[in-house]
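Participant: Need coordinates for the following:
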Amino acid sequence: GIKSNIENKDFESIAELSDSVLDGALTAAQGNTGIIYTGFLAGFFPCIAEEKEVSAEKMGIAFEKGYERARESIQDPKEGTMLDVIKAFALAIKDYSRKEKDIVKNFYFALEKANEALLDTPNKMEVLKKAGVVDAGGLGFLMILETYLDTLKEQEEDPFVIKTKQETEIMKPKRFIQILSNRYEVVALLDIEVIPLRIIWEEGENVAGENVCQRIKEAKEKGISSCPKIEPILPEFFMESYKTQLQKFDDVLCIVSSSVLSNNYDSALKGRDLKIEEIVRKIDKTIDKVNLYCIVEKNDWWNKEKKSWLKKKTRYSLGEMRNGKIVHIENVKNTEFAEAIFRKIEKNSKKEIKNGKRIRAVIAHGDNLEEAEKLKKLLKGIKKTDISFINITDPVTSINACPQSLLVGWIIK
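Facilitator: Numbers count the residues shown, from 1 in each chain. Okay, here's the model as predicted:
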C-alpha cells in the first residue's frame, strides 16, 4: 500500500511523492472508503505538486479539489460517510486560509470542523446509529489529518509555507482518472454496498502489520499462538444493505464468504428473510462465467479447523473453482506460484483469444505482492488481457488461507 511505497525513501519533490502515494493507494485500496480516499489524493496532489512553495491559500484549494474529486469518484455519494469529514475539513481550511496565513493554525481550526462532522455521521446514517458508532472511513481520514498536522508542527522553518523541490514532472490528472475508472469500475460504477468486517484477536490486538497475514506472521515471531477470528455480522446489517440497494435496483446479488469459513453466509440469508416482501435473487448463472485459480498451503485447507500454514513449506496446492467449489488440481513449488497459474490461464484461453475475445482478471494475495506482480506481468503478455487490480485478500480468506496465497479470478468476454 501507500506505506510500503514511501517508507524509508527520500523524495526530491511532492510530484515524486505523489507518484508513489497514488500507486500505493491504487494497489491496496478496498471498498468505497478506498475509492473515496484515492479520489481525494488524485484531486489533492495535482494542486500542489508543481509549486515551489505551498501557501495556506494553495493548501486550502488543494483540499477543496481533493473533496470534489473524492465525491466524483463514486456514483451515488451519501451523507453520513467519509465524504462528510473530507467536506467539512476542506471547506473550513479554505475559508480560514482567506484570513489566516499560518497553515498549522488553519489545520487546528479545520480539524475541529472535521471532528464535528464525524460525530454527526450516526445522525445521517441509520445503520451507524443502531450500532452506536461513527463512520469508520471518516474516522480513518481524521486520523490521517492529525498525522499531517503532527508533521507540519515539526517543520522548523516558515510556518506560513511548505517548501518543495521541483525536479520531477507531475503525473497529469487525466491519468489519475483513467486509472481510477479502470481500477474501481466494479465497485463504483455498479454502486456496490460494502459491509465492513470486525476482527477479534485479543492477544494480537497490538501486533503490527499492514494486513491480517502480516500481523499473524508477526504474532508467531512474538510467540502468540492464537489466530484472529471474524466477528459475525448481524442479519440486520445485511437487511439494511438489501433495503438500500433495492431502492435503486430490482434485484440484489450478495457476495459473501463461504459458510465453511464464516457465519456471515447464514447471516446474509437471515437478513434476506427479514425482508420477505422484497425480491432478492441469487444469480446462479454468474458462477459458470467466473474462473478462479488459487494457490494455498493445504489441498483441503478450506475444510481444516486447525491451520498449520505458518510453517515453512516447499509445496502448495493449486486449486480451481468448479461448479462453485474449490477442487485441488496439483501441487506447486513455492517458487512457481505465478508461473503455475499463468500456464493454466494461457492454456484455457487460447481458443477464445483466437476468436477475438478478451480476458479480464483480478489478482489477490495474502501477503505475497512479489508473486502477484509477477503474475500480472505474465498475464499482460497474453494478447487482449486486462488486469483490473491487485489487492490483498479479504480478512476472512486471509485468516483461513496462508500468507503466501495467490488467487486470480478471470472471465472471458
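Participant: Could I get the full set of strands for the stretch 201-350 of the chain?
Facilitator: Using DSSP state E, counting those that start in this stretch, the strands of the stretch 201-350 of the chain run over 229-231, 291-296, 315-322, 325-333.
Participant: got the ones you listed as CSV, with mean pLDDT, distance to Leu119 and mean neighbour count columns?
Facilitator: In this view, the C-beta of every residue, glycine as well, is placed from N, C-alpha and C. Output for the strands of the stretch 201-350 of the chain, formatted as CSV (pLDDT from 0 to 100; distance: least, CB to CB, whole Å; neighbours: other CB atoms under 10 Å):
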stretch, mean pLDDT, distance to Leu119, mean neighbour count
strand 229-231, 79, 24, 16
strand 291-296, 86, 42, 22
strand 315-322, 83, 44, 18
strand 325-333, 84, 44, 14
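Participant: Poorly predicted segments of the stretch 1-150 of the chain, please.
Facilitator: 1-15, 17-31, 51-52 (pLDDT under 70).
Participant: hmm, back to that, now the strands of the stretch 201-350 of the chain in JSON lines, with distance to Asp386?
Facilitator: Shown next, in JSON lines, are those (distance: least, CB to CB, whole Å):
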{"stretch": "strand 229-231", "distance to Asp386": "31"}
{"stretch": "strand 291-296", "distance to Asp386": "14"}
{"stretch": "strand 315-322", "distance to Asp386": "20"}
{"stretch": "strand 325-333", "distance to Asp386": "24"}
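Participant: closest one to Ala364 among those?
Facilitator: Comparing the strands of the stretch 201-350 of the chain against Ala364 with CB to CB, the closest turns out to be strand 291-296 (8.7 Å).
Participant: what does that closest one rub up against?
Facilitator: Outside strand 291-296, the residues that touch it by CB atoms under 8 Å, 6 or more residues apart in numbering are 309, 316-321, 326, 332, 337, 340-341, 344-345, 348, 401-402, 404-412.
Participant: Let's see that with 7 Å instead.
Facilitator: 316-321, 326, 332, 337, 340-341, 344, 401-402, 405-411 (CB atoms under 7 Å, 6 or more residues apart in numbering).
Participant: ok and it relative to strand 325-333, angle-wise?
Facilitator: Put simply, strand 291-296 runs at 50 degrees to strand 325-333, going by axes from the mean of the first three to the mean of the last three CA atoms, to 10 degrees.
Participant: chain center to strand 291-296: distance?
Facilitator: 20 Å (CA atoms, centre = their mean, to the nearest Å).
Participant: what lines up beside that strand in the sheet?
Facilitator: Partners of strand 291-296 in the sheet, by DSSP bridges, are strand 315-322 (antiparallel), strand 406-412 (antiparallel).
Participant: Can you check which of the ones you listed gets nearest to Glu146?
Facilitator: Proximity to Glu146, assessed across these by CB to CB, is greatest for strand 406-412 (35.2 Å).
Participant: what about the residue of the chain positioned farthest from its centre, which SS state?
Facilitator: Distance from the centre of the chain peaks at Lys99, with 37.5 Å (CA atoms, centre = their mean). Applying DSSP: H, G, I helix; E, B strand; the rest coil to Lys99 yields a three-state assignment of coil.
Participant: So which of the strands of the stretch 201-350 of the chain is nearest Thr397?
Facilitator: Nearest of the strands of the stretch 201-350 of the chain to Thr397, taken as CB to CB: strand 291-296 at 8.9 Å.
Participant: Could you double-check that Leu197 lies in contact with Pro395?
Facilitator: Yes. Counting by CB atoms under 7 Å, Leu197 does reach Pro395; the two are 5.1 Å apart.
Participant: and for those two, which residues touch both?
Facilitator: Between them, Leu197 and Pro395 have Ile230 as joint contacts when contacts are counted by CB under 7 Å, 6+ apart.
Participant: neighbour-wise, which of the two wins?
Facilitator: A direct count of neighbours by other CB atoms under 10 Å for Leu197 and Pro395 places Pro395 higher, at 20 against 15.
Participant: what separates that one from Ile382, distance-wise?
Facilitator: Shown here: Pro395 relative to Ile382, a distance of 31 Å by CB to CB, to the nearest Å.
Participant: Let me know which of the strands of the stretch 201-350 of the chain is the nearest to Gln75.
Facilitator: Each of those has some distance to Gln75 by CB to CB; the shortest is strand 291-296, at 26.8 Å.
Participant: hmm, back to that, could you dump the strands paired with strand 291-296 into CSV with distance to Ser257 added?
Facilitator: As requested, the strands paired with strand 291-296 are arranged in CSV below (distance: least, CB to CB, whole Å):
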stretch, distance to Ser257
strand 315-322, 14
strand 406-412, 13
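Participant: In three-state terms, label Leu378 for me.
Facilitator: Secondary structure, three-state DSSP: Leu378 is helix.
Participant: residues in contact with the residue lying closest to it once chain neighbours are set aside?
Facilitator: Counting by CB to CB, 6 or more residues apart in numbering, Phe342 is the residue found nearest to Leu378 once chain neighbours are left out, at 4.1 Å. With contacts defined as CB under 7 Å, 6+ apart, Phe342 is in contact with Leu375, Leu378, Leu379.
Participant: Just say helix, strand or coil for Ile390.
Facilitator: Per three-state DSSP, Ile390 ends up strand.
Participant: Would you mind pulling up the elements that the helix or strand hosting Thr38 packs against?
Facilitator: If you go by DSSP states H and E, Thr38 is part of helix 31-44. Packing partners of helix 31-44 (3 or more CB pairs under 7 Å, 6 or more residues apart in numbering; DSSP states H and E): helix 14-28, helix 56-72, helix 82-97, helix 136-153, helix 173-183, helix 185-189.
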